[in-house]
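Undergrad: Quick one: sequence plus predicted model below, questions after.
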Amino acid sequence: MVLPFKRLFISGGAGVIGQEMVRCLAALPDDVQVLVGDTKPRPADFPARFQYRQGDLNFLTEQEIGAFAPDLFIHLAATFERSTETYGFWEENFQHNVRLSHHLMTVQKDLPSLRRVVFASSYLIYDPALYNFAEVPAQPRSLREDDPILPRNLTGMAKLAHEIELRFLQTFRAEQFSTVCPRIYRGYGRNGRDITSRWVRMLLAGEEITVYGAESYFDYLYAADTAEGLLRLAAAETVTGIINLGTGRARRVSEVVDVLRQNFPNLRAQYVDSDIPFEASQADMTRWSSQIDWLPPTTLEAAIPEIIAYERTRTATPAAKVPGHVLISSVAAKVPLVQAVRAAAKRVHPEIKVIGGDMNQGCLARHFTDGFWQMPATSDENLSDIVRYCLEHGIGHIIPTRDGELAFWSRHRAALAEAGIAVLVSEPDAVRRCLDKLEFFAFGQNNGLPIISTALSLDAHYLFGNEEANPGTSFVVKERYGAGSLSLGLNLPEATALAHSQTLEVPVFQPFIKGQEISIDVYVTRQGKVHGLMPRTRDVVLRGESQITTTVDDPALVARLTPIIEQLGLYGPLVLQALLTDDGGLHIIECNCRFGGASTLGIAAGVDSFFWFLQEAAGADLEQFPFQAASGPLRQVRAAVDAVFSVSSEQDAS
């Protein structure tokens, strides 16, 4: 198959149709790039060269998809219920059908790269009065694209709503991209939730199957044929609007049972009468045949043995384990951090919970977590209690957030790993270097890194190198250990610097260097390689944290910083503080080896720290999740926001 596209984005690509589509695309030349998005984990057989974004695509940003720049978008992602929709489906349908479709076009409709949109719609849009009958039907009704419509359930309603949205966009964007909405008929395939796959699984287990409406007709469309049909339709760029995709040859439900019986001679089936109307529908493929020189070829007789073979293999494969929950220690008032972790966890698996841990039961951030633990102090004597709590509550990941606890988690990360708990912290030596500014400078001096001179005494000759300090020389005074921003003495003359040092516990002195102060958000893999790096200016700083900060697009600076950071021996998220001087100089001030207060901007800009941590903890290769820098500068303004919750009696009691 030849496609006139080079960059394909497929939503719902780990579903039944999506996996078949990826198998087709794997045979294309290497210059065809594919980005697949799905809530499910990456299928093991997906080509390594294809990008995969796991998680709820409602959180896909314009910057993220803009960095990939698709020229073809195939929208498969959807949720549905097997037969009658339940009351609880009300919200699920809105979030993952109506809202999702609208959102995915919102973030793509203005992309200059986009040329073609294929939306997998459904025959459920047609008025069921056309094909539902109280009596056994003699033959199926062929549904045409211009037949009356009246969606028979919420799923059909959502499909119709997005068809109309795409029609609306075509009135404004027809010169930019074309859209086509294939209305797909009764799908079935390998690894499906459809009745055919469910019956196969039951028969393999030796169970009796229950058959309703044996005389109904359905236009059964094999998922592999659906995938190929959608790709052929994508390539036919002049075909737009609504078009049926089925076989055009409906089969009775009883025929499906007959084919199963050919493969399971001892099949036991219970035929049950039902008040549900008989269905008798098939696709009128007249328009399709006039536009596409291909028709779905696979029959039930050919497809069902493939499904059986797949299910035999599948039953021998253990089910994927739900990843462990996440504990954020010293959660305090770090609400943006909690929200970032929750967003990352949802992208990995919807059942992952984020637990806040803090010694203060009244901490603010607990109201934004899925649960709270008033945890003991992070001291060695409490290690066994901490491990016990994590194991009892299914916690498999720990994210430390405070400088004072990093050494504890680092010392015990190996013991925690043996218990199946991954901790987002560097090795003890690397942590110690970052927490001790004097040792950090000594390390830089020994390794040729541009780290600002640091001394225990106010020795201007030492601090400024071999040059004598002039009368206007200024100094910086700060605490030797941990984050020194709150007690920082900045741009102080000698006498004032000495006086300020008397107010500190263990003061150190640095030369004051005039320049632009920047922060650099970084994620370093377990192999010690920089996976994502984003500099940002510190535009407004309050209590040591950036209240307004803006990303910097400077490839030369990124290339300069990368080897420096990799020499530090760190792992996970870190924030480097540095100065850029007018003469092109780079002066590193310090390194915080944890997620920073304003590092949520780094996540928005592509440094996907928490998502990458969860993926590495699960054993994934981060080459499958490349750093995609946001296009253009981003600015973050940190401001207080009110949150209003419904309060239960249990919450009042706590």
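TA: Okay, I see it. Numbers count the residues shown, from 1 in each chain.

Undergrad: What about Leu383, how many residues nearby?
TA: Leu383 has 16 neighbouring residues, counting by other Cβ atoms under 10 Å. In short, each C-beta sits where N, CA and C put it, glycine included.

Undergrad: Then Gly585?
TA: What Gly585 shows, counting by other Cβ under 10 Å, is a neighbour count of 12.

Undergrad: show me where the stretch 151-300 of the chain has strands.
TA: 178-184, 186-188, 209-212, 217-218, 220-222, 241-245, 251-252, 269-272, 278-279, 281-283 (DSSP state E, counting those that start in this stretch).

Undergrad: Which strands or helices does the first one pack on?
TA: Under the contact criterion of 3 or more Cβ pairs under 8 Å, 6 or more residues apart in numbering; DSSP states H and E, the helices and strands touching strand 178-184 comprise strand 116-119, strand 121-122, helix 154-173, helix 223-235, strand 241-245.

Undergrad: So the protein: which segments form each domain?
TA: 7-315, 325-425, 515-654 (automatic domain parsing).

Undergrad: would you turn the strands of the stretch 151-300 of the chain into CSV with mean pLDDT and distance to Leu416?
TA: Below are these laid out as CSV (pLDDT from 0 to 100; distance: least, Cβ to Cβ, whole Å):
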stretch, mean pLDDT, distance to Leu416
strand 178-184, 98, 48
strand 186-188, 97, 45
strand 209-212, 94, 47
strand 217-218, 97, 53
strand 220-222, 98, 48
strand 241-245, 98, 51
strand 251-252, 97, 56
strand 269-272, 94, 52
strand 278-279, 96, 55
strand 281-283, 98, 56
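
Undergrad: would you list those in TSV and tack on distance to Ile398?
TA: Formatted as TSV, the strands of the stretch 151-300 of the chain follow (distance: least, Cβ to Cβ, whole Å):
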stretch	distance to Ile398
strand 178-184	44
strand 186-188	42
strand 209-212	47
strand 217-218	50
strand 220-222	46
strand 241-245	48
strand 251-252	54
strand 269-272	51
strand 278-279	52
strand 281-283	53
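
Undergrad: Now render these as a markdown table, adding distance to Ser487 and mean neighbour count.
TA: Formatted as a markdown table, the strands of the stretch 151-300 of the chain follow (distance: least, Cβ to Cβ, whole Å; neighbours: other Cβ atoms under 10 Å):
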| stretch | distance to Ser487 | mean neighbour count |
| --- | --- | --- |
| strand 178-184 | 59 | 24 |
| strand 186-188 | 64 | 23 |
| strand 209-212 | 73 | 16 |
| strand 217-218 | 73 | 25 |
| strand 220-222 | 69 | 27 |
| strand 241-245 | 67 | 21 |
| strand 251-252 | 78 | 20 |
| strand 269-272 | 77 | 12 |
| strand 278-279 | 74 | 20 |
| strand 281-283 | 73 | 26 |
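
Undergrad: which SS class is the nearest residue to Cys593 once chain neighbours are set aside?
TA: Leaving aside its sequence neighbours, Cys593 sits nearest to Cys434 (Cβ to Cβ, 6 or more residues apart in numbering; 4.3 Å). What DSSP: H, G, I helix; E, B strand; the rest coil gives for Cys434 is helix.

Undergrad: Next up, the contacts around Lys40.
TA: Ala14, Gly15, Gln54 (Cβ atoms under 8 Å, 6 or more residues apart in numbering).

Undergrad: One more pass at 6 Å, please.
TA: Shown in contact with Lys40 (Cβ atoms under 6 Å, 6 or more residues apart in numbering): Ala14.

Undergrad: Which of the helices or strands spans it?
TA: Counting by DSSP states H and E, no helix or strand carries Lys40.

Undergrad: Please report how far the nearest residue to Asn244 once chain neighbours are set aside lies from Gly246.
TA: Distances taken as Cβ to Cβ, 6+ apart place Ala283 nearest to Asn244, at 4.0 Å, with adjacent residues excluded. Per Cβ to Cβ, to the nearest Å, Ala283 is found 3 Å from Gly246.

Undergrad: any weak-confidence spans in the protein?
TA: Low-confidence regions of the chain, defined by pLDDT under 70, span residues 83, 315-322, 460-472, 483-486, 648-654.

Undergrad: Which residues does the top strand by length along the chain contact?
TA: Secondary structure of the chain per DSSP state E: the longest strand is strand 530-542. Residues outside strand 530-542 that contact it (Cβ under 6 Å, 6+ apart) are 517-525, 546-552, 557-558, 562, 565-566, 602, 605-607, 622, 627.

Undergrad: Could you do stretch 520-529 as well?
TA: For stretch 520-529, the surrounding residues in contact (Cβ under 6 Å, 6+ apart) are 530-535, 565-566, 570-571, 573-576, 599, 602, 607, 609, 612, 616, 622.

Undergrad: Could you check it and say which residues are buried?
TA: Neighbour-count burial for stretch 520-529 flags Ile520, Asp521, Val522, Tyr523, Val524, Thr525 (criterion: 16 or more other Cβ atoms under 10 Å).

Undergrad: Next, the first one: phi, psi?
TA: Listed backbone geometry of Ile520 is phi -130, psi 110, with angles given as degrees, to the nearest 10.

Undergrad: Quickly list what it is bridged to.
TA: Pro535, Leu576 (DSSP bridges).

Undergrad: Tell me the spacing between it and Leu579.
TA: The value you get for Ile520 to Leu579, if Cβ to Cβ is used, is 12 Å.

Undergrad: quick one: secondary structure of Phe645?
TA: Quick answer, by three-state DSSP: Phe645 is coil.

Undergrad: Find the nearest non-adjacent residue to it, please.
TA: Phe645's closest residue in space is His367 (Cβ to Cβ, 6+ apart), at 6.5 Å.

Undergrad: repeat for Leu204
TA: In space, Leu204 is closest to Glu311, 5.8 Å off (Cβ to Cβ, 6+ apart).

Undergrad: hang on, isn't the one you found packed against Arg198?
TA: No: using Cβ atoms under 6 Å, Glu311 is not in contact with Arg198; the gap is 10.0 Å.

Undergrad: quick one: which of those two has more around it?
TA: Counted by other Cβ under 10 Å, Glu311 and Arg198 do not tie: Glu311 has more neighbours, with 19 against 14.

Undergrad: check contacts around the more buried one.
TA: Val200, Arg201, Leu204 are the contacts of Glu311 under Cβ under 6 Å, 6+ apart.

Undergrad: re earlier: of the domains of the chain, which is nearest Gly448?
TA: domain 515-654 (8.8 Å; Cβ to Cβ).

Undergrad: Can you say which of the contacts of Glu311 are buried?
TA: Judged by 16+ other Cβ under 10 Å, buried ones among those: Val200, Arg201.

Undergrad: Return the member of the contacts of Glu311 nearest to Ala497.
TA: Arg201 (74.9 Å).

Undergrad: Quick check: closest non-adjacent residue to the closest one.
TA: Arg201 sits nearest to Glu311 (Cβ to Cβ, 6+ apart), 5.7 Å away.

Undergrad: Now do the buried residues in the helix or strand that contains that neighbour.
TA: Using DSSP H and E, Glu311 sits in helix 300-315. Buried residues in helix 300-315, counting neighbours by 16+ other Cβ under 10 Å, are found at Leu300, Ala303, Ile304, Ile307, Ile308, Tyr310, Glu311, Arg314.
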